[in-house]
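Asker: Give me a model of this one.
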Amino acid sequence: MTVSIEQMKFCHVDAVAEIEQKVYQTPWTKHAFINEILDNGFASYYVALAEGEVIGYGGIWVVLDEAHLTNLAVSPGWQGKGIGKALLAHLIREAAGKGARRMTLEVRVSNLRAQELYKKFGFVSCGIRPKYYHDEDALIMWLAELKCD
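Answerer: Numbers count the residues shown, from 1 in each chain. Have a look, this model is predicted:
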């Protein structure tokens, strides 16, 4: 099965919000995603599609020479198949193409699976944001140099 990565459009938002609800303890709202793709000039969001079905998504903000990974999620039935890796690689390439030289993100301290993915791309832990998720601290990770390989 072929998976493609495309820019998120308004027609994808319902499926993205559904995945968000399944994957995250404190999910973003549908309205938040609409705002990101329609009104936020710093934001770039992408979806992973398999036969037209949204199976994952990710987003970045690029401000000056820094990118911030805002979201990355894969539908539970598609996890472990390289979709998250493909989305992250795409987001890094997009950020570099928009002039970013480094990238940051926050991830739940308990989300070891995501942390391992980020480490494979060269992200390193640089601190903690206490109670960032209201019920849990966030690990701050940085990728010091964006590489497009």
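Asker: And stretch 25-42, end to end?
Answerer: Terminal residues of stretch 25-42 lie 25 Å apart, using Cα to Cα, to the nearest Å.
Asker: Distance from the chain centre to that stretch, please.
Answerer: Relative to its parent chain, stretch 25-42 has a centroid offset of 12 Å by Cα atoms, centre = their mean, to the nearest Å.
Asker: Beyond the longest helix along the chain, next helix or strand please.
Answerer: If you go by DSSP state H, the chain has its longest helix at helix 83-97. Moving toward the C-terminus from helix 83-97, the next helix or strand (DSSP states H and E) is strand 102-108.
Asker: list the helices and strands that following strand packs on?
Answerer: strand 66-74, helix 112-120, strand 138-143 (3 or more Cβ pairs under 8 Å, 6 or more residues apart in numbering; DSSP states H and E). (C-beta placed from N, C-alpha, C; glycine too.)
Asker: Pull up the pairing partners for that strand, direction included.
Answerer: In its sheet, strand 102-108 lies beside strand 66-74 (parallel), strand 138-143 (antiparallel), with partners assigned from DSSP bridges.
Asker: tell me the angle of the first one relative to helix 112-120?
Answerer: Looking back up the chat, that one is strand 66-74. Strand 66-74 runs at 140 degrees relative to helix 112-120, counting by axes from the mean of the first three to the mean of the last three Cα atoms, to 10 degrees.
Asker: what sits up against strand 66-74?
Answerer: 19-20, 23-24, 28, 36, 43, 45, 48, 55-62, 83-84, 87-88, 91, 95, 98, 100-105, 114, 146 (Cβ atoms under 8 Å, 6 or more residues apart in numbering).
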